[in-house]
Structures are given as structure tokens and as C-alpha cells.
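Asks: Starting from these lines, generate the structure:
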Amino acid sequence: MALKAAGRTSLVDSVVEQLRAQLTGGEWAVGDRIPTEHELAQQLGVGRNTVREAVRVLVHAGLLESRQGNGTFVRSTADPAAVLRGMRHAGAADVLELRAALEAEAARLAAVRRDTHDLLRLRAALTTLRAEGDRNADADLAFHLAVVGATHNAAFVEVYRFFSAQVHEVLVEALGDREMPPVDMDGHEALVAAVEAGDPEEAERQARELLRVPMETVTALTNEPGQSDRAGQTDRVGQTDQPGPSGQSGPSGPSGPSGQSGQSGSNP
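Replies: Coordinates of the predicted model:
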């Protein structure tokens, strides 16, 4: 795919999108060095400052990597912007359900892998959370990041850090001014105790229990279908209508109850 001259409006955005297309379209592979700033400026018909700003955007997005004295290289061809767009179109309950899965697995791994330093960080984060309570959402995030950090899995930490920020944005948009339940301090304490005890099953159970009420609250406030409702809808997809007692067609099976989701979620 050939690069073309950028228009006169939003030059940096135009260059970012064209470079992004080169990356996601496979024109440049991971590890390749992209053309120089001067070469890109000539191909795009823009100034070198514009190219520099566009490259900086893609470096920040994790697609490119600048190496002093060597140039700029392709770090990833997976566009995180596409993930962001998908996240923003997902419902709040769906997003929380995914975060619950991450936090439950993090708790299980933390109970197995935590060391003395991890336990000290967990206790410190819990103390801060008790002091800040519902006044500071960052305190709750810091606590859960401490749990994830105790997994000693760098990929897990980065994914969770990225994902938790998107959860907050989705919840703010979905809930507006409506309030979530207060932070469950006893639940957080029980989670730390399970990690300290080195009990992965109990840690996972406490993580899911800690997030259950927020998940149910979001489902109720947003009128989104809970997991049991979605499961029932899925089970009914593709069912063949069968003749009823009076000869009329009807669904072959009764619809399931519209119960609340039993899956866990997360505080915003």
C-alpha cells in the first residue's frame, strides 16, 4: 500500500492513520525499521515535525519503538485502538465480567507466587484503601494492581493496567451520576488473608465474591441482561418452532427465568 500526500487539515492525525494502516496491513513486519523521518516526510508531503509527532503517537500506543541512533522500529502490528473501540461498544456488564475473570485468576496466581515484598505491598495498599475508602478510586485500583503484581507475570500486569483504565471509562459513560455500592473492606481483607495463607482456591473465591455485588448492581442500573439471561438467550438461538397444543407454532422449550447475574464484576 503506497503512502499518499496528506491533506491540509489535521496533518498529524492523517499521518498517524496512514502509518497505522501500514503497520496493521502488514506492510512493515515486527522488527522492521521504518523509513527515516526525512523519507516519510517526502512520501507524505508534510514537514518533518509532523512526521515526528505522528511517530511519537504510535510509539506511545506501543506500535513503534524509537532506538537512539538506530532509527524507529516496528514493535507490534496489533492496533490497540481497535481494542479500545471494541471496549467502548461493549456493555458495562460485559466489561466487568471480563475484569472479574482477570482479577480472579490474578488472585489465584498471587496466592501461589507472592513473596514477602508482595505481602508488604498488599498490606500497605489495604491500609491506604481503608483510609481513603470511596473518596479515591485510585486507592482501589492500586490495591488490585498490587494483587496482579504478586503474580510476577509482566504481561498480566500490563494487560490489567491497560484494561482497568478502559473499565473506568465504560462505567462512567454507562452509569453517569448513579452510585455504585461502597467499597467492601471486609472482602478486601479476606482476599489479602487468602493470598497471605497461600490458598489459591480461597483467594479466587474471595476475589469473585468481592466483585459479585458490583456486577449485580451494574446489571440492575443499566438494565443490561445478566449472564443467566444471556445464557438463556443463547440456548434458545436456533430452536425450531414446534406446533403447540392448539396447532399454533411456539418455542419448543420454555424461556428461562430472568434472574440476576451470578457472575462477578468489579468496583468502578
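Asks: alpha carbons only for contacts and neighbour counts from here, please
Replies: Noted.
Asks: how much space between residue 21 and residue 63?
Replies: 11 Å (CA to CA, to the nearest Å).
Asks: So these two - more neighbours on which side?
Replies: residue 63 (22 against 17; other CA atoms under 10 Å).
Asks: what's the distance between the more buried one and residue 106?
Replies: From residue 63 to residue 106 the distance is 26 Å (CA to CA).
Asks: And residue 89, by the same measure?
Replies: Counting by CA to CA, the gap from residue 89 to residue 106 is 26 Å.
Asks: Looking at those two, which one has more neighbours?
Replies: residue 106 (28 against 10).
Asks: Leaving aside the residues adjacent along the chain, what's closest to that one?
Replies: The spatially closest residue to residue 106, leaving aside those adjacent along the chain, is residue 148, at 5.2 Å (CA to CA, 6 or more residues apart in numbering).
Asks: which residues touch that neighbour?
Replies: Applying CA atoms under 8 Å, 6 or more residues apart in numbering to residue 148 gives the contacts 103, 106, 107, 110, 156, 157, 160.
Asks: Secondary structure added to the residues you listed, as a markdown table?
Replies: As requested, those are exported to a markdown table (DSSP: H, G, I helix; E, B strand; the rest coil):
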| residue | secondary structure |
| --- | --- |
| 103 | helix |
| 106 | helix |
| 107 | helix |
| 110 | helix |
| 156 | helix |
| 157 | helix |
| 160 | helix |
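Asks: Give the buried subset of those as a ChimeraX selection command.
Replies: The buried residues among these can be selected in ChimeraX (16 or more other CA atoms under 10 Å) with this line:
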select :103,106,107,110,157,160
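Asks: Identify the farthest-apart pair in the contacts of residue 148.
Replies: The largest separation in the contacts of residue 148, counting by CA to CA, is between 110 and 160 at 14.0 Å.
Asks: distance of residue 96 from residue 118?
Replies: 25 Å.
Asks: Would you mind telling me which of those two has more residues around it?
Replies: Regarding residue 96 and residue 118, a neighbour count based on other CA under 10 Å identifies residue 96 as having more, with 28 against 21.
Asks: separation between the more buried one and residue 47?
Replies: Distance from residue 96 to residue 47, by CA to CA: 44 Å.
Asks: Repeat that for residue 36.
Replies: From residue 36 across to residue 47, the span is 13 Å (CA to CA).
Asks: where along the stretch 101-250 of the chain do the strands fall?
Replies: Under the criterion DSSP state E, counting those that start in this stretch, strands of the stretch 101-250 of the chain are mapped to 242-243, 249-250.
Asks: Phi, psi for residue 65 please.
Replies: When read as degrees, to the nearest 10, the backbone of residue 65 gives phi -140, psi 120.
Asks: Help me confirm that it comes into contact with residue 75.
Replies: Yes. Between residue 65 and residue 75 there is a contact at 5.7 Å, judged by CA atoms under 8 Å.
Asks: Please enumerate the helices of the stretch 151-268 of the chain.
Replies: Taking DSSP state H, counting those that start in this stretch, the helices of the stretch 151-268 of the chain run over residues 154-175, 185-196, 200-222, 227-236.
Asks: Would you mind getting the angle between the longest one and helix 154-175?
Replies: Between the axes of helix 200-222 and helix 154-175, defined by axes from the mean of the first three to the mean of the last three CA atoms, to 10 degrees, the angle is 20 degrees.
Asks: Could you point out which residue ranges in the stretch 1-150 of the chain have low pLDDT?
Replies: Scanning the stretch 1-150 of the chain for pLDDT under 70 picks out 1-9, 80-85, 88, 134-135.
Asks: at 50 instead, please
Replies: Within the stretch 1-150 of the chain, the segments meeting pLDDT under 50 span 8-9.
Asks: need the helices for it, in chain order.
Replies: According to DSSP H, counting those that start in this stretch, the helices that the stretch 1-150 of the chain contains are 11-24, 37-44, 48-60, 80-89, 92-113, 116-132, 137-149.
Asks: Which one, of the ones you listed, ends up nearest to residue 202?
Replies: Of the helices of the stretch 1-150 of the chain, nearest to residue 202 by CA to CA is helix 92-113, at 8.0 Å.
Asks: which residues touch the most centrally placed residue in the chain?
Replies: In the chain, the residue lying closest to the centroid (CA atoms, centre = their mean) is residue 163, at 2.4 Å. Contacts for residue 163 (CA under 8 Å, 6+ apart) come out as residue 99.
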